[in-house]
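Chemist: here is my input; please provide its structure:
(one chain, ligands or ions: 1)
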Amino acid sequence: MLKGRSLIEPMDLTLEELDEILDLADQIIAGPSEFADVCKGKVLGTLFYEPSTRTRLSFEAAMLRLGGSVMGFSSGESSSAAKGESVADTIKTVACYADIAAMRHPKEGAPKVAAMNTDMPVINAGDGGHQHPTQTLTDLLTIRSLKGKLNNFTIGICGDLKFGRTVHSLIKALSRYENIKFVLISPEELRIPEYIREEILVRNGIEFKEVERLENVMEELDVLYMTRVQKERFFNEADYIRLKDSYIVNNEKLEKAKKDMIILHPLPRVNEISVEVDSDPRACYFKQAKYGMFVRMALIMKLLGVEK
Ligand code: NCD
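Modeler: The predicted model follows:
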């Protein structure tokens, strides 16, 4: 039963629950008008202490398209956090006004603290360099819709694997499906954190390799998941400047890729995918942003326990 629960990290959901959410998202895609008022009278609070375009707007669009309403703030400065209020007090207050909340916060664990302080469902919309479970739901729905399955493929994840929370959540979630091979492509300094390597990949006997050059592995990949170097998590600007353009996918580099490979990116993109790639049929990152809204519609319905 998902009703009344929070979603803080991908492992909060069993594989069956994940399937349930993705199946509901498929139904919504097939007939969105049938879901137009299922959340009538319900309110979503969006508590965003960090910048966001897709995550916040897709949550808001999701609730509006379900017939519900939204309220919230889009920076810590415009909330009482600027006066020194704790996350615990803020969520207790929001729970007086809303039925469900999505929270993005620069501090790892903040949405978990929020969830521990209320009975209202809290969704982690990204906590620091830690996890981003609804981006993962988006990624899974996109892969399942476009490739028809979530098993038996090789996924290349490229860029900032150290600070990229979308990467950490995606690896966790995909590690439970059969025969997924990971090719982890990053500069030495931006390799995946130890806890992901040891506790997820090594412990579960999952096949993976860590490489520095994307060109050398391009032809092996069924999915290429590009990520932005996470400027805001760097301690010094010189390191960011040195690493920011480590990877730039362009048409020439894609010549070696499989014809049915899909290119994903949680967005925002900076330089890591040239704009010329957007017209390649393998470029699926804007479709992915749309799947993000549908999967959030499904998640909100499940956590609120509303049905068609
Ligand atoms: C990601 C995030 O916020 O972690 N964006 C998103 O939610 N789609 C990726 C990023 O900011 O690079």
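Chemist: once you drop chain neighbours, what's closest to the closest residue to the ligand within the stretch 1-150 of the chain?
Modeler: Using CB to the nearest ligand atom, the single residue of the stretch 1-150 of the chain nearest to the ligand is residue 55, 4.2 Å away. Quick note: C-beta positions are derived from backbone N, CA and C, even for glycine. Spatial nearest neighbour of residue 55, chain neighbours left out: residue 125 (5.1 Å); criterion: CB to CB, 6 or more residues apart in numbering.
Chemist: verify the assumption that that neighbour is located in a strand.
Modeler: Yes. Counting by DSSP: H, G, I helix; E, B strand; the rest coil, residue 125 is located in a strand.
Chemist: what is the neighbour count of it?
Modeler: A count of nearby residues for residue 125, using other CB atoms under 10 Å, gives 27.
Chemist: tell me the confidence at it?
Modeler: If you check residue 125, the pLDDT there is 98.
Chemist: could we number from 7 for the rest of this?
Modeler: I'll keep to 7 as the first residue from here, and by that count the last item is residue 131.
Chemist: distance of it from residue 171?
Modeler: As judged by CB to CB, to the nearest Å, residue 131 and residue 171 stand 10 Å apart.
Chemist: what is in contact with these two at once?
Modeler: residue 138 (CB atoms under 8 Å, 6 or more residues apart in numbering).
Chemist: quick one: contacts for residue 300?
Modeler: Applying CB under 8 Å, 6+ apart, the residues near residue 300 are 31, 34-35, 68, 147.
Chemist: tell me which helix or strand residue 296 sits in.
Modeler: Using DSSP states H and E, residue 296 sits in helix 291-310.
Chemist: quick one on the thing from earlier: so the residue nearest to residue 61 touches residue 110, yeah?
Modeler: Yes. Contact criterion CB atoms under 8 Å: residue 131 and residue 110 qualify, at 4.1 Å.
Chemist: any common contacting residues for these two?
Modeler: Common neighbours of residue 131 and residue 110 (CB under 8 Å, 6+ apart) are 54, 58, 61-62, 117.
Chemist: which one of the residues you listed sits in the busiest neighbourhood?
Modeler: Highest neighbour count within the shared contacts of residue 131 and residue 110: residue 117, with 30 neighbours (other CB under 10 Å).
Chemist: so what's that one up against?
Modeler: Shown in contact with residue 117 (CB under 8 Å, 6+ apart): 12, 14, 109-111, 128-131, 133.
Chemist: and these as TSV, adding distance to residue 196?
Modeler: Putting those into TSV (distance: CB to CB, whole Å) gives the following:
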residue	distance to residue 196
12	30
14	25
109	26
110	22
111	22
128	30
129	27
130	23
131	23
133	19
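Chemist: which one of these is nearest residue 176?
Modeler: residue 130 (14.2 Å; CB to CB).
Chemist: thinking residue 217 is in contact with residue 193, fair?
Modeler: No. Between residue 217 and residue 193 there is no contact under CB under 8 Å: 10.7 Å.
Chemist: what touches both of the two?
Modeler: Counting by CB under 8 Å, 6+ apart, nothing touches both residue 217 and residue 193.
Chemist: so what's the backbone phi/psi at the spatially most distant residue from the centre of the chain?
Modeler: Most distant residue from the mean C-alpha position of the chain: residue 89, 29.8 Å away (CA atoms, centre = their mean). Note on residue 89: backbone dihedrals following degrees, to the nearest 10 are phi -90, psi 0.
Chemist: report pLDDT for it.
Modeler: We have a pLDDT of 94 for residue 89.
Chemist: and the gap between the residue positioned nearest the centre of the chain and residue 44?
Modeler: Per CA atoms, centre = their mean, the C-alpha nearest to the average position across the chain is that of residue 141, at 1.5 Å. Using CB to CB, residue 141 is found at 24 Å from residue 44.
Chemist: neighbours of residue 256, how many?
Modeler: Residue 256 is flanked by 13 other residues according to other CB under 10 Å.
Chemist: pretty sure it contacts residue 282?
Modeler: Yes. Using CB under 8 Å, residue 256 makes contact with residue 282 at a distance of 6.2 Å.
Chemist: so which residues on the stretch 207-314 of the chain come close to the ligand?
Modeler: Neighbours of the ligand within the stretch 207-314 of the chain, by CB under 6 Å from any ligand atom: 234, 272-274.
Chemist: make it 5 Å
Modeler: 234, 272 (CB under 5 Å from any ligand atom).
Chemist: what are the ranges of the strands in the stretch 207-314 of the chain?
Modeler: 214-217, 229-232, 268-270 (DSSP state E, counting those that start in this stretch).
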